[in-house]
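Q: Following is a predicted model, sequence given first.
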Amino acid sequence: MMQEKESGRILQCIGGIYTVATDSGTVSCKARGVFRKRGMTPYAGDFVTVEQGVMTEILPRKNSIIRPPLANLDQLLFVTSTYKPVPNLLLLDQFMAVAIYKQIQPVLVLTKLDLQDGAALQELYTNAGIPVYPVCYDQPDTLEAVRACLRGKVSALTGNSGAGKSTLLNALYPDLQLKVGEISEKLGRGRHTTRQASLYPLDGGYIADTPGFSTFEQEQYARIPKEELADCFPEFAPYQGSCRFQDCAHVCEKGCGVLAAVENGSIAKSRHASYVAMYEIAKKRKDWEQ
């Protein structure tokens, strides 16, 4: 029997009924109509208060993403194939910057290493301060490294369609695929319905699958102000203090410490090119568009 008042984390929503994990077990509830009036939508991952079968409060989030709606993530794993599809580094860098901006740890997982060596990608992102996990399905230790990364944390997986997210999840947690399939059937996915989100308890944490990020724009996730963009590229940090100008944009200025690091190879040219592309977009953005 449900207690008068309980707190917990939303795991999923099906047909307006929210499943919430509490200390005493899993409970089902509906959301108060006042949330809709206030323009608030409960997300999977939200911490909430439930009273007598009704969600009465949504506690403050540390972060959220909108597609699918997920809140309070610890990390976002970018599953990236080394071959077919070839990784789009600009797109990858854009979404990693958004993750950092939202205080979500980006993690790179490399797949299809049997078809194309991933050493260059591993070096590129390791040097950028991003954790990298190369996965070979005939090497169990590489899968165990990813499991260790997921253990005890709230994680979501994303990446280009065809990068192997489902294959990776199936190899990591074979039982999870059955749960995902059951939820997808209940939600009626594939029949033009709104994409919902579900969290699945695993190894003391939670995991969610997300759609491929090649089908929508990074700007839908976050509009990073140009003044804060450099902080979303971790490898820039050691060099920003050596710029001649305090308000240096790190694009083409003389005496820029970041540009000097790009020239001497300490910062990868592809990463800086991604930064410049994002900076130019942010610079053209109107104040009201932030």
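A: Noted; the coordinates are in hand.

Q: Assess the claim that Ala268 and Asn127 are in contact.
A: Yes: shown here, Ala268 and Asn127 form a contact pair, counting by C-beta atoms under 8 Å, at 6.6 Å. The C-beta positions use only the backbone N, C-alpha and C, and glycine is treated the same way.

Q: Have a look at the two and say which one is more surrounded.
A: Remark: of Ala268 and Asn127, Ala268 carries more neighbours, 19 against 16, as counted by other C-beta atoms under 10 Å.

Q: Assign the residue lying closest to the more buried one once chain neighbours are set aside to helix, strand or coil.
A: Distance criterion C-beta to C-beta, 6 or more residues apart in numbering; nearest residue to Ala268, sequence neighbours excluded, is Leu124 at 5.4 Å. Judged by DSSP: H, G, I helix; E, B strand; the rest coil, the three-state class of Leu124 is helix.

Q: Do you have the strands of this protein handy? List them.
A: Along the chain, counting by DSSP state E, strands occupy 5-14, 17-22, 25-31, 47-51, 54-58, 64-66, 69-71, 75-81, 105-111, 132-134, 154-158, 200-202, 205-209.

Q: could you redo the ones you listed as TSV and give each row mean pLDDT and distance to Gly255?
A: Converted to TSV, the strands of the chain look like this (pLDDT from 0 to 100; distance: least, C-beta to C-beta, whole Å):
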stretch	mean pLDDT	distance to Gly255
strand 5-14	92	49
strand 17-22	94	53
strand 25-31	92	54
strand 47-51	95	47
strand 54-58	93	48
strand 64-66	87	37
strand 69-71	91	42
strand 75-81	93	34
strand 105-111	96	30
strand 132-134	97	32
strand 154-158	92	38
strand 200-202	90	49
strand 205-209	88	45
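
Q: Let's have those strands in JSON lines, adding distance to Pro234 and mean neighbour count.
A: Converted to JSON lines, the strands of the chain look like this (distance: least, C-beta to C-beta, whole Å; neighbours: other C-beta atoms under 10 Å):
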{"stretch": "strand 5-14", "distance to Pro234": "29", "mean neighbour count": "18"}
{"stretch": "strand 17-22", "distance to Pro234": "33", "mean neighbour count": "18"}
{"stretch": "strand 25-31", "distance to Pro234": "37", "mean neighbour count": "15"}
{"stretch": "strand 47-51", "distance to Pro234": "28", "mean neighbour count": "19"}
{"stretch": "strand 54-58", "distance to Pro234": "31", "mean neighbour count": "17"}
{"stretch": "strand 64-66", "distance to Pro234": "20", "mean neighbour count": "18"}
{"stretch": "strand 69-71", "distance to Pro234": "23", "mean neighbour count": "23"}
{"stretch": "strand 75-81", "distance to Pro234": "14", "mean neighbour count": "24"}
{"stretch": "strand 105-111", "distance to Pro234": "9", "mean neighbour count": "23"}
{"stretch": "strand 132-134", "distance to Pro234": "13", "mean neighbour count": "19"}
{"stretch": "strand 154-158", "distance to Pro234": "19", "mean neighbour count": "22"}
{"stretch": "strand 200-202", "distance to Pro234": "27", "mean neighbour count": "17"}
{"stretch": "strand 205-209", "distance to Pro234": "23", "mean neighbour count": "21"}
